[in-house]
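Chemist: sequence and predicted structure are below.
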Amino acid sequence: MAQPYPLCSFINSFINPKFPNFNHTSNKFKTFFSYQPHNSLHEENLNNPDAKISSLSKPKIWVNPKTLKSNRIWNKPQAAISSLESCDPNEQQVYEILSGLGGNVTQSDAEHILHNISNPETAILALKYFQQKIAPENHVILYNVVFKLFREVNDFERAEKLFDEMLQRGNKPNIVTFSNLIRCASVSSLLHKAVELFERMPSFGCEPDYNVSSSMIYVYARMSNVDMALKLYDNAKNEKWFIRPVAFSALIKMYGILGNSDGCLSVYNDMKVLGVRPNVILYNALLFAMGKSKRANDAKGVYEEMRKNGFEPNWATYAALLEAYSKGRLSKEALSVYKEMKKKGMTINKFLYSMLLDMCADVGYIDEAVEMFDDMKRSGTCQPDNFIYSSLINMYACNGKVLEAESMLNEMTRCGLEPNIFVLTIFVHCYGKAKRTDDVVNIFNQIWDTGITPDDRLCDCLLYVMTEIPKEEFGKITNCIEKANPKLGYIVTYLTEEKEDDGYFMKETSELLSSADEHVKKTFCNSLIDICYNLGMEDRARDLLGLGLTLKIYSDIQSRSETQWCLNLKKLSVGAAMTALHVWIDDLSKAFKSGEELPKVLAICTVPWRRNDSDKDLATVFESYLKELDSPFHKSTNMTGWFFTTSQEAKSWLQSRGSTETVADLNSTVLDVPAEALPH
């Protein structure tokens, strides 16, 4: 669960009278004895010789002519404050100390003393004493001073009890009362209490001010009450009220939890327009939101602004950056942050190590991952777990380093960690890529014997193995598939034995693909098409491609606009991509024969959906194959993975093909994609 952001400190007090400090006087008063203001007391002294002599021989005490109060008058409240801070919080001692003030206690004395008491119990007793000395209509001010103390010590329980007593005594709360109580509830993480108080304000004739508004924006945002938070936020902006950074932080976090990174940036931009200076807490909230949304470049921009504005990053800042950079695969930036944290001696926890190692595994930073893994083991603060070992095993496996993957598995088991189905599935894929069919069977049997239930991901890997190994070894893998998933076993057997379709095959395949895990639907279909393509069963491959389109497993393969027709092979395997290419060429031939005008540009996109150097490079395969077809498509020099041709070149080529080949009579499917999604 995300941790709540702490409230920033508000204005020290709504009521904070300024008391003169007579212990320090400015230089201009050091010589004031050379001049005496004209008043009757001065005249009397001049006319009395004894008084004159006395005045010259005694120390002079300056009296403020506006207040006529001497420094000695303030000694009693200050002495009372010192005594109250050191006494036991019981009524007898508190009353005895305060009785030293005399019978005529002023409102300002009472406020001053209450403002300077740090013990809540003592403050309550002092309040009770002053209520006996101060006029009832001024009691609300005294209550507010004590509520401020409770807010500062996060003691809402006492504040609530005192508020109930206040109402029972007939004292009407004001806006300062509610502001202090609402903030006290919010900093005590009692958000529902803050809402209750806010909703009671109208019954006492109190309208929210900028302080209450900021507090309630924070409260509603923390409660994920988006409507109320934004309503108060918009109202505050319309009223041109000052909105505290803590309210902005809460709004950013609210949007971040909702995955609305644009909302986060909108609030941040509002701050800049309104001239509100962000703080580190707000920057961290924004960085975490960018990380959650995988907007690494935006996180980088926010961090640069943070440093430009003079803020030093703390641990939370670095953690947010690592998450953003790791998820967004800004690998160089992530490693730079990691090194900076190490240089500053900051702790890197298991969560951060996991993200970093997963990133390194995905982008192929093997040396960096190994160094980081060793750092983690030496740190003494955290040790590798199943996830971290799995990431490293996966990294080695994806890069064809079978021995290193096996060594990491052995280390994992020596540490007492049992490999789960994910780790074992990695080895199925790894051995399959290395064409080590017997090892695939052995690892599958290990899974089966330990009672682990094979899942769709494991079956997906077994299918992938069949696309990599010779036909003569199909039987070994088919037996594993039949154990793991009988329906899939039937389909694979049907394909490998090249039986004629009696209608039952497509029905079974449709049911299998419809019920498969969402993460493997496409790879299931890819592998089945690859098996058909490798066996020379092009018609069956087209049927499966058509089924994938019907079930919306594939989308946006073909797109058309007035200026460009495009074949988009993203996320397709080699066999599926080749099958889609042949269908598209047939569609182009039919369009040309029917007299349909071709667009100015025809394009083929083979950009991989993710980096994986160990997989076949689709662009390289297509470049070679398009040359074999003597096609007019040329590899782009400035757009990796793209091939282009003009309508004139395409017409000439299609015409030459038409004279030597018969266009297949197929009902191909064309899915429209908005023209703006295409490259120009």
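Modeler: Nice, thanks for sending it over. Numbers count the residues shown, from 1 in each chain.
Chemist: please make it C-alpha for all contacts and neighbour counts, starting now.
Modeler: Fine.
Chemist: got the contact list for stretch 368-378?
Modeler: Contact with stretch 368-378 is made by 353, 356, 357, 360, 361, 382, 383, 384, 392, as judged by Cα atoms under 8 Å, 6 or more residues apart in numbering.
Chemist: the residue lying closest to residue 215 once chain neighbours are set aside: how many residues sit nearby?
Modeler: Take residue 215 and drop its neighbours on the chain: the residue closest to it by Cα to Cα, 6 or more residues apart in numbering is residue 183, 6.3 Å away. If you count neighbours by other Cα atoms under 10 Å, residue 183 ends up with 30.
Chemist: so who does residue 183 touch?
Modeler: Taking Cα under 8 Å, 6+ apart, we find residue 183 in contact with 151, 194, 215.
Chemist: one step back: rebuild the contacts of stretch 368-378 as TSV, extending it with neighbour count, secondary structure and pLDDT.
Modeler: Compiled in TSV, the contacts of stretch 368-378 are given as follows (neighbours: other Cα atoms under 10 Å; DSSP: H, G, I helix; E, B strand; the rest coil; pLDDT from 0 to 100):
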residue	neighbour count	secondary structure	pLDDT
353	22	helix	91
356	28	helix	92
357	26	helix	90
360	25	helix	90
361	24	helix	86
382	15	coil	85
383	15	coil	86
384	18	coil	89
392	24	helix	91
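Chemist: from the residues you listed, which is closest to residue 116?
Modeler: residue 382 (46.0 Å; Cα to Cα).
Chemist: in this structure the closest one contacts residue 349, no?
Modeler: Yes - using Cα atoms under 8 Å, residue 382 is in contact with residue 349, at 6.6 Å.
Chemist: how about low-confidence regions in the chain?
Modeler: 1-75, 501-502, 608-616, 658-680 (pLDDT under 70).
Chemist: looking at the protein, which helix is longest?
Modeler: The helix that spans the most residues within the chain, counting by DSSP state H, is helix 574-593.
Chemist: can you show me the strands along this protein?
Modeler: 558-560, 564-568, 601-605, 634-635, 642-646 (DSSP state E).
Chemist: right, and the ones you listed - which one's nearest residue 205?
Modeler: Here strand 558-560 is closest among the strands of the chain (Cα to Cα), at 63.2 Å.
Chemist: which strands or helices does the closest one pack on?
Modeler: strand 564-568 (3 or more Cα pairs under 8 Å, 6 or more residues apart in numbering; DSSP states H and E).
Chemist: for the strand it packs on, which outside residues touch it?
Modeler: 556-560, 581, 584, 599-606, 678.
Chemist: give me the buried entries from the residues you listed.
Modeler: In the contacts of strand 564-568, burial by neighbour count holds for 556-560, 581, 584, 599, 601-606, counting by 16 or more other Cα atoms under 10 Å.
Chemist: and the residues you listed, which two are the farthest apart?
Modeler: Top of the distance list for the buried ones among the contacts of strand 564-568 (Cα to Cα): 599 and 606, 20.1 Å.
Chemist: check contacts around residue 86.
Modeler: Per Cα under 8 Å, 6+ apart, neighbours of residue 86: none.
Chemist: ok, now which ones touch the residue lying closest to residue 396 once chain neighbours are set aside?
Modeler: Leaving aside its sequence neighbours, residue 396 sits nearest to residue 405 (Cα to Cα, 6+ apart; 5.3 Å). Residues near residue 405 by Cα under 8 Å, 6+ apart: 392, 393, 394, 396, 397.
Chemist: residues contacting the third one?
Modeler: It refers to residue 394. Residues near residue 394 by Cα under 8 Å, 6+ apart: 361, 405, 423, 426.
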